[in-house]
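J.: Would you be able to build a 3D model of this:
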Amino acid sequence: MPDQSDRFSHQRRFERIDSTIPVRISTIEPERDPWTGRPFFRSLQETCGNVSRGGAFIRTEEPLDAGRRILVEIRLPSGRPLEAIGRIAWVKRVLSPNSSENDSGIGIEFLGGASEQLQALDEYVARRSETQDPAED
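T.: Model (predicted):
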(Lines give C-alpha, C1' and ligand atoms only; values in the text may rest on other atoms or scores of the structure.)
Protein backbone atom coordinates (compact mmCIF):
# COMPACT_ATOMS: atom_id res chain seq x y z
CA MET A 1 0.00 0.00 0.00
CA PRO A 2 1.53 3.39 -0.98
CA ASP A 3 2.02 5.89 1.82
CA GLN A 4 -0.05 9.07 1.99
CA SER A 5 2.73 11.38 0.76
CA ASP A 6 2.94 9.36 -2.48
CA ARG A 7 -0.81 9.68 -2.97
CA PHE A 8 -0.74 13.46 -2.49
CA SER A 9 2.30 13.98 -4.71
CA HIS A 10 0.38 12.49 -7.64
CA GLN A 11 -2.49 14.93 -7.06
CA ARG A 12 -0.34 18.06 -7.33
CA ARG A 13 -0.33 20.04 -10.55
CA PHE A 14 3.02 21.72 -9.89
CA GLU A 15 6.39 20.39 -8.82
CA ARG A 16 7.11 21.16 -5.15
CA ILE A 17 10.56 21.56 -3.58
CA ASP A 18 11.73 21.78 0.02
CA SER A 19 12.83 25.29 0.87
CA THR A 20 13.72 27.54 3.79
CA ILE A 21 13.00 30.89 2.14
CA PRO A 22 11.85 33.71 4.45
CA VAL A 23 8.30 34.84 3.75
CA ARG A 24 6.01 37.59 5.00
CA ILE A 25 2.30 36.92 5.11
CA SER A 26 -0.25 39.66 5.71
CA THR A 27 -4.00 39.44 6.05
CA ILE A 28 -6.09 41.26 3.46
CA GLU A 29 -9.39 41.43 5.31
CA PRO A 30 -9.21 43.11 8.74
CA GLU A 31 -9.87 41.36 12.04
CA ARG A 32 -11.53 43.03 15.03
CA ASP A 33 -9.66 43.48 18.29
CA PRO A 34 -11.86 41.76 20.90
CA TRP A 35 -11.09 44.44 23.51
CA THR A 36 -11.41 47.65 21.51
CA GLY A 37 -13.45 46.55 18.50
CA ARG A 38 -10.94 48.29 16.22
CA PRO A 39 -9.97 46.66 12.93
CA PHE A 40 -6.40 45.48 12.45
CA PHE A 41 -4.35 43.48 9.97
CA ARG A 42 -1.84 40.75 10.83
CA SER A 43 1.63 40.59 9.37
CA LEU A 44 3.91 37.65 10.15
CA GLN A 45 7.51 36.97 9.17
CA GLU A 46 7.85 33.20 8.75
CA THR A 47 9.69 30.52 6.73
CA CYS A 48 8.59 28.33 3.83
CA GLY A 49 8.83 24.58 4.37
CA ASN A 50 8.26 23.92 0.70
CA VAL A 51 7.16 25.87 -2.34
CA SER A 52 5.76 25.34 -5.83
CA ARG A 53 4.17 27.45 -8.54
CA GLY A 54 0.81 26.53 -7.04
CA GLY A 55 1.51 27.38 -3.40
CA ALA A 56 3.64 26.87 -0.33
CA PHE A 57 3.76 25.37 3.13
CA ILE A 58 4.53 28.13 5.65
CA ARG A 59 5.85 27.13 9.07
CA THR A 60 4.16 29.24 11.73
CA GLU A 61 3.17 28.99 15.37
CA GLU A 62 0.33 31.48 14.69
CA PRO A 63 -1.79 29.75 12.05
CA LEU A 64 -4.57 31.78 10.50
CA ASP A 65 -7.93 30.21 9.66
CA ALA A 66 -8.43 28.19 6.49
CA GLY A 67 -10.15 30.12 3.74
CA ARG A 68 -8.56 33.49 4.60
CA ARG A 69 -7.00 35.45 1.78
CA ILE A 70 -3.50 36.79 2.40
CA LEU A 71 -0.71 38.69 0.69
CA VAL A 72 2.42 36.53 0.37
CA GLU A 73 5.80 38.25 -0.04
CA ILE A 74 8.85 36.11 -0.79
CA ARG A 75 12.35 37.21 -1.73
CA LEU A 76 13.78 34.42 -3.86
CA PRO A 77 17.47 33.52 -3.32
CA SER A 78 18.23 35.26 -6.64
CA GLY A 79 17.02 38.50 -5.01
CA ARG A 80 13.88 38.67 -7.15
CA PRO A 81 10.68 39.43 -5.26
CA LEU A 82 7.44 37.49 -5.42
CA GLU A 83 4.20 39.09 -4.27
CA ALA A 84 1.09 36.99 -4.67
CA ILE A 85 -2.42 36.82 -3.35
CA GLY A 86 -3.00 33.50 -1.66
CA ARG A 87 -5.67 31.54 0.14
CA ILE A 88 -5.05 29.45 3.21
CA ALA A 89 -6.08 26.01 1.97
CA TRP A 90 -5.41 24.10 5.20
CA VAL A 91 -3.99 24.49 8.70
CA LYS A 92 -1.74 22.06 10.56
CA ARG A 93 -1.50 22.47 14.32
CA VAL A 94 0.91 20.38 16.37
CA LEU A 95 -0.45 20.51 19.90
CA SER A 96 1.84 18.17 21.82
CA PRO A 97 5.06 19.77 23.11
CA ASN A 98 6.60 16.29 23.21
CA SER A 99 5.78 15.56 19.58
CA SER A 100 8.73 14.85 17.31
CA GLU A 101 6.84 16.65 14.55
CA ASN A 102 7.24 20.41 14.86
CA ASP A 103 5.82 21.59 11.56
CA SER A 104 2.81 23.62 12.63
CA GLY A 105 1.83 25.79 9.73
CA ILE A 106 -0.45 26.62 6.86
CA GLY A 107 -0.82 25.46 3.30
CA ILE A 108 -1.15 28.39 0.91
CA GLU A 109 -2.64 28.22 -2.55
CA PHE A 110 -1.42 31.04 -4.81
CA LEU A 111 -4.41 32.72 -6.48
CA GLY A 112 -2.59 35.35 -8.52
CA GLY A 113 0.42 37.55 -8.91
CA ALA A 114 2.50 39.36 -11.51
CA SER A 115 3.35 36.98 -14.35
CA GLU A 116 7.07 37.89 -14.37
CA GLN A 117 7.31 37.20 -10.62
CA LEU A 118 5.51 33.86 -10.97
CA GLN A 119 7.87 33.03 -13.85
CA ALA A 120 10.84 33.72 -11.55
CA LEU A 121 9.33 31.28 -9.05
CA ASP A 122 8.92 28.67 -11.81
CA GLU A 123 12.59 29.11 -12.74
CA TYR A 124 13.70 28.80 -9.11
CA VAL A 125 11.69 25.60 -8.58
CA ALA A 126 12.98 24.09 -11.84
CA ARG A 127 16.59 24.96 -11.00
CA ARG A 128 16.30 23.54 -7.47
CA SER A 129 14.55 20.36 -8.59
CA GLU A 130 17.40 19.69 -11.04
CA THR A 131 20.15 20.16 -8.48
CA GLN A 132 18.33 19.05 -5.29
CA ASP A 133 20.93 21.11 -3.39
CA PRO A 134 19.43 22.62 -0.21
CA ALA A 135 22.49 24.86 0.15
CA GLU A 136 21.07 27.13 -2.57
CA ASP A 137 18.51 28.56 -0.15
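
J.: What residues does the closest residue to residue 22 other than its chain neighbours make contact with?
T.: Spatially, and ignoring its direct neighbours in sequence, residue 22 is nearest to residue 47 (5.9 Å; Cβ to Cβ, 6 or more residues apart in numbering). C-betas here are computed from N, CA, C, even on glycine. Contact analysis of residue 47 by Cβ atoms under 8 Å, 6 or more residues apart in numbering lists 20, 21, 22, 23, 58, 59.

J.: what ranges do the strands span in the protein?
T.: 16-18, 22-27, 31-32, 39-40, 43-52, 55-59, 69-75, 81-92, 105-113 (DSSP state E).

J.: Quick check: which ranges of the chain have low pLDDT?
T.: Applying pLDDT under 70 to the chain flags residues 1-12, 96-102, 132-137.

J.: Give me the longest helix you can find in it.
T.: helix 115-131 (DSSP state H).

J.: Go through that helix and flag the buried ones.
T.: For helix 115-131, burial by neighbour count (16 or more other Cβ atoms under 10 Å) applies to 117, 120, 121, 124, 125, 128.

J.: ok, back up a step: between the contacts of residue 47, which sits nearest residue 80?
T.: Set against residue 80, the nearest of the contacts of residue 47 by Cβ to Cβ is residue 21 (11.5 Å).

J.: Ignoring the adjacent residues along the chain, who's closest to residue 30?
T.: Nearest non-adjacent residue to residue 30, counting by Cβ to Cβ, 6+ apart: residue 39, 3.6 Å away.

J.: wait, that neighbour sits on residue 29?
T.: No: the pair residue 39 / residue 29 is not scored as a contact, 9.2 Å apart, by Cβ atoms under 8 Å.
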